[in-house]
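K.L.:
Model the following, please.
(one chain, ligands or ions: 1)
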Amino acid sequence: MLTVKNLNVYFGSQQVLDNVSLDLPAQMMAGLIGRNGAGKTTFMRAVMGLIDGMQGDVEFDAVNLSKSPTHERAGMGFGYMPEDRKLVPEFTVQDNVMLPAWSTKMADADKRLEWVYSLIPEVANFRDRRANQLSGGQQKLVALARALLCGNKLLLLDEPFEGVAPALAQRLAQIIFELKKEGMSVLIADSNEQHVRELIERSFTIERGTVTVQ
Ligand SMILES: Nc1ncnc2c1ncn2[C@@H]1O[C@H](COP(=O)(O)OP(=O)(O)OP(=O)(O)O)[C@@H](O)[C@H]1O
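P.N.:
Below is the predicted model of the structure:
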């Protein structure tokens with residue numbers, strides 16, 4: 001399980017996360033709900049080790065990862081789907097999905113890739129296309145597939161439904177719902193709890209960098 005303790009993040013003189021503590025139990029789907037600018041992305045990036053100068057502790061299964069670089073966290077089973085997808089435009093879909101496996105030197109990456117393709121067959125269908133040939137919605141599916149490649153224990157999904165047409169949002173929700181069976185912990189950031197209400201078992205509210213449990 002993920003335990004975050006007393007997380008503080010400043011950008012210049014602006015405090016963006018204010019003493020945030022949060023426990024995400026194993027096998028739980030939770031929401032991180034807050035309006036734009038509340039600090040959701042910053043929180044997820046801090047958990048992934050992507051924020052320099054962060055203060056506080058990030059523990060997973062009682063191991064303190066606060067000093068671990070991002071690739072080590074990915075190697076421990078953390079997956080992150082950024083809000084803006086961050087695909088490499090000129091890489092193929094498959095190479096984009098495999099990127100985390102290269103940086104973590106994952107041993108059984110091909111097997112995991114097959115599992116990801118079985119969960120999201122749409123991505124297998126366009127595996128040989130370049131990322132920049134896909135629609136925004138298709139790119140969201142690829143970003144989710146990439147997060148799942150290493151993310152077999154903890155998945156951080158930053159506004160997965162943002163800017164997505166209703167049919168695809170439904171499909172994304174269906175895939176995320178399937179993950180319940182996989183026994184991983186999932187944290188979904190959204191500005192509106194209604195979007196994730198049917199998926200989540202617990203809700204954390206973030207307001208101006210302060211988190212409370214609902
Ligand atoms: N790299 C950065 N440098 C300076 N300020 C930043 C940086 N990243 C985020 N901020 C600021 O931190 C605050 C929180 O941003 P954050 O992206 O974490 O919010 P959010 O809840 O994810 O909202 P959104 O959905 O709009 O991204 C905002 O005021 C934002 O402008």
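
K.L.:
what comes up buried for stretch 46-64?
P.N.:
Of the residues in stretch 46-64, 46-51, 54, 56, 58, 60 count as buried by neighbour count, 16 or more other CB atoms under 10 Å. Heads up, the C-betas are built off the backbone N, CA and C, glycines and all.

K.L.:
what's next to it, contact-wise?
P.N.:
1-10, 17, 19-20, 42, 45, 65-66, 68-70, 72-74, 76, 78, 80, 153-154, 156 (CB atoms under 8 Å, 6 or more residues apart in numbering).

K.L.:
before we move on, what about stretch 102-113?
P.N.:
Counting by CB under 8 Å, 6+ apart, 71-72, 74-75, 94, 97-98, 100-101, 149-150, 152 sit against stretch 102-113.

K.L.:
Wait, a helix at residue 169?
P.N.:
Yes: counting by DSSP: H, G, I helix; E, B strand; the rest coil, residue 169 is part of a helix.

K.L.:
which ones are touching the nearest residue to it once chain neighbours are set aside?
P.N.:
With CB to CB, 6 or more residues apart in numbering as the criterion, residue 169 has its nearest non-adjacent residue at 4.7 Å, and that residue is residue 161. In this structure, residue 161 makes contact with 169, 172-173, 190, 195-196, judged by CB under 8 Å, 6+ apart.

K.L.:
Nearest to the spatial middle of the chain, which residue is it?
P.N.:
Note on the chain: the residue nearest the mean C-alpha position is residue 156, at 2.3 Å, using CA atoms, centre = their mean.

K.L.:
My guess is residue 8 contacts residue 14. True?
P.N.:
No: contact criterion CB atoms under 8 Å: residue 8 and residue 14 do not qualify, at 11.8 Å.

K.L.:
Settle it for me: which of those two has more neighbours?
P.N.:
residue 8 (16 against 8; other CB atoms under 10 Å).

K.L.:
And that one, how far from residue 74?
P.N.:
Using CB to CB, to the nearest Å, residue 8 is found at 24 Å from residue 74.

K.L.:
circling back to that earlier point, now, the most widely separated pair of the buried residues of stretch 46-64?
P.N.:
The largest separation in the buried residues of stretch 46-64, counting by CB to CB, is between 51 and 60 at 16.6 Å.

K.L.:
Quick one: name the residues of the chain near the ligand.
P.N.:
11, 16, 34, 36-42, 159 (CB under 6 Å from any ligand atom).

K.L.:
Return a selection command, for use in ChimeraX, containing the buried ones of those.
P.N.:
Selecting just the buried residues from the residues of the chain next to the ligand in ChimeraX takes one command, with 16+ other CB under 10 Å as the test:
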select :16,34,38,39,40,41,42,159
